[in-house]
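Asker: Dropping the sequence and predicted coords here.
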Amino acid sequence: PPASKGSISTTSWEKDTQPIPRLQIVDEHQNQDLPAYLEKWNLGDAGFKYNVVAVFGSQSTGKSTLLNGLFGTSFDVMDENQRSQTTKGIWMSRGRGMHVLVMDVEGTDGRERGEDQDFERKSALFSMATSEVIILNLWEHQVGLYQGANMGFKEKTLLLIVIRDHVGSTPLANLARTLQADLEKIWAGLSKPEGLENCKIHDYFDFMYTGLPHKVLLPEKFNEEVANLRCRFNDPAHPDFVFKPEYHKRIPADGYHIYASNIWDKVLTNKDLDLPTQQELLAQYRCDEISNVAFEIFSKKLIPFRQPILEKAQIIEDLGEQMLSIRKEAVDSFDKNASRYHQGVYEKKRLEMITKLNIQLNVLFVGQLKNLHKKAILTFDENLKAELKKPNYNFAVAVESCLKDSQELFLNALILPDTDWSYVNELNTLEEEFSQASTKARTDEFKKMTKSLAKQVENELSEPVTLALNDPKPDAWHKIIQTYTNTVENGQTTLDKIAKSFNSSSKELKESISDLRLQAWLVLRKKIDEELADTMLLLKLRSRFEEKFRYDDHGLPRVWKPEDDIDSHFKRAKEDINLNDDEGFEIESTEDFDFKQSLIVLSEAKQIDISNRFKRESDAFYLEAKRSVVSTTAK
Ligand code: GDP
Ligand code: MG
């Protein structure tokens with residue numbers, strides 16, 4: 001695109017007539033100041049909105065004079081009195097009021113043969129590779145082109161041939177024809193690189209011809225024509241506008257100095273000038289530079305996240321969004337400048353950069369993941385503990401809701417920037433840990449429940465058994481078994497509730513119930529054994545016997561009289577005592593426990609032993625009764 005209508009601000013030298021700074025970009029060496037001068041010329045940020053023109057021609061053909069006239073530059077012009085060479089190497093400046101870089105190239109064929117001629121050839125090649133338009137400045141009689149070099153040019157260059165001191169007697173068209181024929185003849189005679197033997201001059205150059213009047217003899221006419229010629233440089237609407245887009249070398253202004261410098265290196269060392277390769281090299285260099293600048297800013301933006309996440313184990317709620325926006329900023333800033341360069345290189349460097357950014361972000365992501373994991377586990381434990389303190393909680397429901405909350409906490413702070421990162425593994429581990437924690441809580445709670453159930457069973461069994469055995473009625477054992485059955489039934493109701501709370505399987509519930517039966521039975525048997533331990537049993541038998549034998553029907557102690565039938569009283573009291581009471585229970589034994597066997601409370605041997613001991617005690621009562629009658633009758 002033509003640059004002359006750009007929006008770049010003007011500096012003082014553009015408004016007034018102050019000289020525009022100029023730079024000798026090549027003398028014996030290359031000048032390193034070009035980037036600074038591009039800034040000075042306000043073209044550093046011009047992107048593609050600038051054009052480049054160079055001038056060629058023999059020495060002292062008025063090249064510098066023409067450039068100064070066309071572009072308002074201040075290149076040195078030969079002093080008429082000294083007539084010595086002025087322009088050395090290559091000078092550069094910018095056009096006043098146009099975004100045009102202007103190159104004033106040291107004149108050709110004015111030097112001795114040898115090294116100097118070599119320099120001319122090189123500077124010509126350099127300016128051809130870097131300019132869109134070349135003004136070829138000729139006297140009417142001069143025609144000469146430069147010995148070839150291998151030029152892998154892609155973009156065409158416009159050769160604007162300016163015939164100086166054009167008198168007008170020979171029409172310009174005729175001159176142009178002659179020149180064109182000469183140029184083509186020279187081109188045909190050039191040795192061309194392999195594969196390009198048949199290339200035509202028009203494959204590489206477009207031509208325009210113009211003439212200028214004699215500057216000294218017709219100064220006003222000269223100035224007028226120069227002004228007209230200037231329009232071709234700064235008016236895109238002009239039919240002969242020179243800066244056609246196809247001539248643009250597509251070198252962004254911010255990379256121009258590197259490109260120019262690389263080209264000069266190649267030219268200087270007589271290397272083949274492969275411009276596409278040069279453009280790729282430039283793109284690599286500049287994309288790296290641009291990427292580094294963006295990366296610096298990006299890294300600084302990440303600093304505030306590092307300590308909280310990596311050292312303080314904090315969780316940053318909107319880390320995902322923030323990472324996305326910081327990365328976008330970096331990529332945008334890269335795109336803004338780098339996208340103007342070679343597309344293949346730009347895209348490759350862009351991917352490289354995103355990878356580099358993601359590596360940095362990943363450190364934070366992994367940190368956040370770790371912190372979230374910790375927090376989720378902690379929250380789960382705390383919440384579950386609180387839930388289990390509430391009355392009438394349902395364990396399964398409580399676990400489910402705590403699980404959901406903790407998972408949400410984990411997932412909500414995890415927005416993945418567009419990457420191949422994943423939290424699946426972490427989430428799997430977390431879920432595994434959740435399940436371990438809830439299993440442990442379940443076991444603990446279950447233990448508590450069964451413990452309190454055992455207490456309940458013991459309480460329900462204890463007193464009825466004591467009562468039934470203290471004053472045994474004929475159906476005492478039935479009553480005791482009934483108590484047992486009731487206790488088991490109550491326990492089963494509790495177990496049903498527990499099963500619902502813990503989401504137990506029916507198998508689990510069945511096991512708990514059979515366990516309850518057994519445990520209650522063992523409690524019962526223990527209680528009975530306690531109640532019927534030898535001394536206790538004897539005490540019970542004795543008080544039962546005494547009640548019948550030593551007290552009358554009104555509960556008053558008997559005072560035996562001689563006419564009393566002590567023997568039959570004694571017999572009746574003894575008949576009431578029966579250790580072998582089989583009320584005939586049916587009970588199924590299980591694999592684990594022989595219920596049938598445990599129905600036997602007193603073995604036969606035990607019955608005999610207790611009976612004998614009881615007989616001795618009761619006999620003592622009998623004798624005491626007999627003696628008391630003897631003693632009362634003896635008085
Ligand atoms: P350069 O070496 O090609 O840059 O030439 P200069 O611009 O330094 O000019 C060399 C001399 O030619 C100076 O004395 C100019 O005044 C003079 N000169 C400039 N333009 C013209 C022109 O159009 N015709 C003639 N005959 N002389 C000119
Ligand atoms: Mg000059």
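Answerer: All right, it came through fine. Numbering: from 1, shown residues only. Ligands and ions are numbered 1, 2, ... in the order given.

Asker: Counting neighbours, what do you get for the closest residue to N137 other than its chain neighbours?
Answerer: Closest residue to N137 apart from its sequence neighbours, by CB to CB, 6 or more residues apart in numbering: G57 at 3.2 Å. Where you see a C-beta, it was placed from the backbone N, CA and C, and this is true even at glycine. Per other CB atoms under 10 Å, the neighbour tally for G57 reads 25.

Asker: which helices and strands does whichever helix or strand F365 is part of pack with?
Answerer: In this structure, F365 is located in helix 343-389 according to DSSP states H and E. Under the contact definition 3 or more CB pairs under 8 Å, 6 or more residues apart in numbering; DSSP states H and E, helix 343-389 sits against helix 275-306, helix 319-338, helix 395-412, helix 424-470.

Asker: Those helices into a markdown table, with extra columns for distance to K374?
Answerer: Below are those laid out as a markdown table (distance: least, CB to CB, whole Å):
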| stretch | distance to K374 |
| --- | --- |
| helix 275-306 | 18 |
| helix 319-338 | 15 |
| helix 395-412 | 10 |
| helix 424-470 | 10 |
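
Asker: Make a markdown table out of those helices and add distance to G72 and mean neighbour count.
Answerer: As requested, those are arranged in a markdown table below (distance: least, CB to CB, whole Å; neighbours: other CB atoms under 10 Å):
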| stretch | distance to G72 | mean neighbour count |
| --- | --- | --- |
| helix 275-306 | 29 | 17 |
| helix 319-338 | 29 | 18 |
| helix 395-412 | 64 | 17 |
| helix 424-470 | 67 | 15 |
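
Asker: Tell me which of the ones you listed lies nearest to ligand 2.
Answerer: Ranking the helices and strands packed on helix 343-389 by proximity to ligand 2 (CB to the ion) places helix 275-306 first, at 27.0 Å.

Asker: Tell me what angle the closest one forms with helix 319-338.
Answerer: 150 degrees (axes from the mean of the first three to the mean of the last three CA atoms, to 10 degrees).

Asker: helices and strands around helix 275-306, which ones?
Answerer: So helix 275-306, by 3+ CB pairs under 8 Å, 6+ apart, packs with helix 253-268, helix 319-338, helix 343-389.

Asker: Among these, which comes closest to ligand 1?
Answerer: helix 253-268 (21.0 Å; CB to the nearest ligand atom).

Asker: Could you pull up the mean pLDDT of the closest one?
Answerer: Averaging pLDDT along helix 253-268 yields 88.

Asker: residues of it that come out buried?
Answerer: For helix 253-268, burial by neighbour count (16 or more other CB atoms under 10 Å) applies to 253-264, 266-267.

Asker: out of the residues you listed, what pair is the most spread apart?
Answerer: D254 and V267 (22.2 Å; CB to CB).

Asker: Could you pull up phi and psi at Y209?
Answerer: Torsion angles at Y209 (phi, psi; degrees, to the nearest 10) stand at phi -120, psi 140.

Asker: so the residue lying closest to it once chain neighbours are set aside, which of the three states?
Answerer: In space, and not counting its chain neighbours, Y209 is closest to A176: 4.0 Å by CB to CB, 6+ apart. Following DSSP: H, G, I helix; E, B strand; the rest coil, A176 is assigned to helix.

Asker: neighbours of R613, just the number please.
Answerer: Counted with other CB under 10 Å, residues neighbouring R613 total 16.

Asker: And H202, by the same measure?
Answerer: For H202, the tally of surrounding residues (other CB under 10 Å) stands at 12.

Asker: how far away is it from ligand 1?
Answerer: 27 Å (CB to the nearest ligand atom, to the nearest Å).

Asker: Model confidence for that residue, exactly?
Answerer: pLDDT, H202: 90.

Asker: part of a helix, is it?
Answerer: Yes. H202: assigned to a helix according to three-state DSSP.

Asker: Might you report the residue contacts of it?
Answerer: Applying CB atoms under 8 Å, 6 or more residues apart in numbering to H202 gives no contacts.

Asker: With I577 instead?
Answerer: Applying CB under 8 Å, 6+ apart to I577 gives the contacts 541, 544-545, 614.

Asker: List the residues that contact whatever residue of the chain ends up closest to ligand 1.
Answerer: Nearest residue of the chain to ligand 1: G62, at 2.7 Å (CB to the nearest ligand atom). Under the criterion of CB under 8 Å, 6+ apart, the neighbours of G62 are 137, 164, 215.

Asker: now do R306
Answerer: R306 touches L364, counting by CB under 8 Å, 6+ apart.

Asker: Next: R544.
Answerer: Neighbouring residues of R544 by CB under 8 Å, 6+ apart: 576-577.

Asker: SS state for it?
Answerer: The local conformation at R544, judged by three-state DSSP, is helix.

Asker: tally of neighbours for N174?
Answerer: Count around N174 with other CB under 10 Å applied: 9.

Asker: How about the residues of the protein by ligand 1?
Answerer: With the criterion set to CB under 6 Å from any ligand atom, the chain comes near ligand 1 through 59-65, 77-78, 80, 86-87, 107, 164-165, 212, 214-216.

Asker: Would you show me how to pick out the buried ones of those residues in PyMOL?
Answerer: Paste this into PyMOL to select the buried members of the residues of the chain next to ligand 1, with burial taken from 16+ other CB under 10 Å:
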select buried, resi 59+60+61+62+63+64+65+77+78+86+87+107+164+165+212+215
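
Asker: Counting only helices, which of the residues of the chain next to ligand 1 make the cut?
Answerer: Members of the residues of the chain next to ligand 1 lying in helices (criterion: DSSP state H): 63-65.

Asker: so can I have JSON lines of those residues showing pLDDT and distance to K300?
Answerer: Output for those, formatted as JSON lines (pLDDT from 0 to 100; distance: CB to CB, whole Å):
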{"residue": "K63", "pLDDT": "92", "distance to K300": "50"}
{"residue": "S64", "pLDDT": "92", "distance to K300": "48"}
{"residue": "T65", "pLDDT": "93", "distance to K300": "52"}
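
Asker: any chance of these in CSV, plus distance to ligand 2?
Answerer: Output for these, formatted as CSV (distance: CB to the ion, whole Å):
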residue, distance to ligand 2
K63, 5
S64, 3
T65, 8
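
Asker: Can I get these in CSV including distance to A386?
Answerer: What follows is these, written out as CSV (distance: CB to CB, whole Å):
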residue, distance to A386
K63, 91
S64, 90
T65, 93
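
Asker: and the gap between whichever residue of the stretch 401-550 of the chain sits closest to ligand 2 and N358?
Answerer: When scored by CB to the ion, the stretch 401-550 of the chain has D418 as its residue closest to ligand 2, at 56.8 Å. Distance from D418 to N358, counting by CB to CB, to the nearest Å: 9 Å.

Asker: With P308 instead?
Answerer: Distance from P308 to N358, counting by CB to CB: 20 Å.

Asker: and if you look at L136?
Answerer: 53 Å.
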